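S.K.: here is my input, please return the structure:
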Amino acid sequence: MRQEKRKELTREKILQAAKQVFAQKGYAGTSIAEVVKKSKLARGTFYLHFQSVEQVLNALLQEIFIDIQRYLTDMQVEALDHKNFKLQLGTLAKSLLSVFQNHKDTVILLLTTMNSEPKIRTQTVWFQELMQASIRVMLDRGVASGRLKKFDTELMSFLVSGGLREVLSQWLLYGRYNKDIEAKVDEMIGIYMNGVELADQD
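M.R.: The predicted model follows:
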């Protein structure tokens, strides 16, 4: 057990060092030698855990994706209350903000390089699709229940997820909305939902 704990701590040390090097030099400018130097571990120790810089990045991305998937699973989208779409979309958005804040350095790397680094873009596609699908299920249920107008729910899921991504970029990359990020997310969700919600029929 003690050996497993030591391996876990060593792996975490490598990941933390990689985050710092990625932040300084970007993904393309990061080498194994620089990660090893920053971690103050032997090169052989690095290879006990990872075989490449890409594997290190994948491990960092996996941490984010596991957290995101946990939030999406916990929401139990298929069982959502038909009356609370605005609230549920807001809850989803704030959960994602929490994850991104916890993994801020890695998320900034994604935001600044995903369009120029095909490997990073490939790694993030499935998350975007998962988020869009979750939003679309909520919207489909709203339309089916008569709480929302009939509209192209796929298109709206693209708009909402794209809007969240842009707000995220403004927040993490440019320091906008630092004091009221959750309020801004609520405002954004409200703008979208005001266009598709039907008047309360109760």
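S.K.: how close does Y71 get to L92?
M.R.: 7 Å (C-beta to C-beta, to the nearest Å). (Each C-beta comes from the backbone N, C-alpha and C, glycine too.)
S.K.: buried set for the longest helix belonging to the chain?
M.R.: Identified as the longest helix of the chain according to DSSP state H is helix 118-145. Of the residues in helix 118-145, those buried by neighbour count under the rule 16 or more other C-beta atoms under 10 Å are 120, 123, 127, 131-132, 134-139, 141-143.
S.K.: which among the residues you listed gets closest to T153?
M.R.: The nearest member of the buried residues of helix 118-145 to T153, counting by C-beta to C-beta, is L139 at 4.0 Å.
S.K.: test my guess that the closest one contacts T153.
M.R.: Yes: applying C-beta atoms under 8 Å as the test, L139 and T153 come out as touching, 4.0 Å apart.
S.K.: and the pLDDT at L130?
M.R.: We have a pLDDT of 75 for L130.
S.K.: run the chain-centre distance for stretch 20-30.
M.R.: Its chain's average C-alpha position is 20 Å from that of stretch 20-30, according to C-alpha atoms, centre = their mean, to the nearest Å.
S.K.: okay, the buried residues of helix 118-145 in a markdown table with distance to E197 next?
M.R.: Shown next, in a markdown table, are the buried residues of helix 118-145 (distance: C-beta to C-beta, whole Å):
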| residue | distance to E197 |
| --- | --- |
| I120 | 36 |
| Q123 | 35 |
| F127 | 27 |
| M131 | 21 |
| Q132 | 20 |
| S134 | 19 |
| I135 | 15 |
| R136 | 16 |
| V137 | 17 |
| M138 | 12 |
| L139 | 11 |
| R141 | 13 |
| G142 | 8 |
| V143 | 11 |
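S.K.: nearest to N102 among the residues you listed?
M.R.: Each of the buried residues of helix 118-145 was scored against N102 by C-beta to C-beta, and F127 proved nearest at 15.2 Å.
S.K.: determine the next helix or strand in the C-terminal direction from the longest helix of the chain.
M.R.: With elements assigned by DSSP states H and E, the helix or strand that comes after helix 118-145 is helix 153-174.
S.K.: so for the helix or strand just after that next one, what gets flagged as buried?
M.R.: In the C-terminal direction, the helix or strand that comes right after helix 153-174 (DSSP H and E) is helix 181-194. The neighbour-count criterion (16+ other C-beta under 10 Å) identifies I181, K184, V185, D186, M188, I189, Y192, M193 as the buried residues of helix 181-194.
S.K.: rewinding a little: who's more crowded, Y71 and L92?
M.R.: A side-by-side neighbour count of Y71 and L92, using other C-beta atoms under 10 Å, places L92 first with 23 against 16.
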